[in-house]
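Visitor: mind folding the following:
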Amino acid sequence: MLASLATASAIVLAGCAAFPPAPSTVGSDWPSTGVPSAVRWPSDWVDSLSGESEAVGGPIVGLRLEYGAEHWVWRIRSTDPGKTDALGESNAEPTSGVEALVDATDLSLVRRHEVTLTKAEATGTDTSYYDAVKASGEEWPGPRLVELVRVVDDGRPTWRVTTYDTEDGHLAPRTL
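Guide: This next block holds a predicted model:
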């Protein structure tokens with residue numbers, strides 16, 4: 001609990017002005033020591049996060065492991081269903097989204113803000129985010145998922161996954 005409070009405080013204080021931008025590529029901000037074992041594996045938590053955490057608004061459309069202010073966080077992007085009126089109509093646009101940083105060890109919310117989703121993120125896929133995580137091949141103690149991004153490939157929406165080899169630190173992106 002103290003660790004997550006310290007993480008939240010450090011990241012919020014480090015970035016009071018604006019929500020910190022994502023690094024240009026996955027892993028570019030990581031220390032040379034690699035990903036510590038305390039960082040949670042997405043296959044263990046991604047299904048339960050939607051609907052149970054204020055970090056996400058709706059279905060997840062992307063996640064990435066990042067390191068900043070000496071703390072590991074998951075950057076999670078999701079759809080935002082918006083507010084509903086008395087008739088149950090949503091005020092959200094198809095591109096309405098939420099981006100959140102959550103502590104990578106205990107999944108506590110660090111920070112959250114509204115975003116406009118990319119065309120790929122706003123377009124549905126035949127594969128759910130949960131099925132994409134399962135298809136990533138993440139399995140202890142082998143490769144772990146460190147990035148899940150909705151992309152358009154050959155004109156159709158799909159998922160790109162990046163795994164991290166826990167043995168040699170190699171990052172391997174592939175499209176599902």
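Visitor: assign the residue nearest in space to the middle of the chain to helix, strand or coil.
Guide: Central residue of the chain (Cα atoms, centre = their mean): L63, 2.0 Å from the mean position. What DSSP: H, G, I helix; E, B strand; the rest coil gives for L63 is strand.
Visitor: where do the helices sit along this structure?
Guide: 2-14, 42-49, 119-122, 129-135 (DSSP state H).
Visitor: report all helices and strands that the last one contacts.
Guide: This means helix 129-135. Judged by 3 or more Cβ pairs under 8 Å, 6 or more residues apart in numbering; DSSP states H and E, the packing partners of helix 129-135 are helix 42-49, strand 144-153, strand 156-164. Yep, even glycine has a C-beta here, placed from its N, CA and C like the rest.
Visitor: mind listing residues that contact it?
Guide: With Cβ atoms under 8 Å, 6 or more residues apart in numbering as the test, helix 129-135 has contacts from 42-43, 46-47, 59-61, 125, 127, 145, 148, 159, 161, 176.
Visitor: which one of the residues you listed is nearest to P81?
Guide: P59 (9.4 Å; Cβ to Cβ).
Visitor: ok, that closest one to W45 distance?
Guide: Separation of P59 from W45 (Cβ to Cβ, to the nearest Å) stands at 15 Å.
Visitor: and if you look at T79?
Guide: 18 Å.
Visitor: ok, now G82?
Guide: Distance from G82 to W45, by Cβ to Cβ: 25 Å.
Visitor: tell me how far stretch 80-100 lies from the chain's centre.
Guide: How far stretch 80-100 lies from its chain's middle: 20 Å, per Cα atoms, centre = their mean, to the nearest Å.
Visitor: same thing with stretch 53-65?
Guide: 6 Å.
Visitor: ok, stretch 129-141 next?
Guide: 14 Å.
Visitor: perfect, I'm done here.
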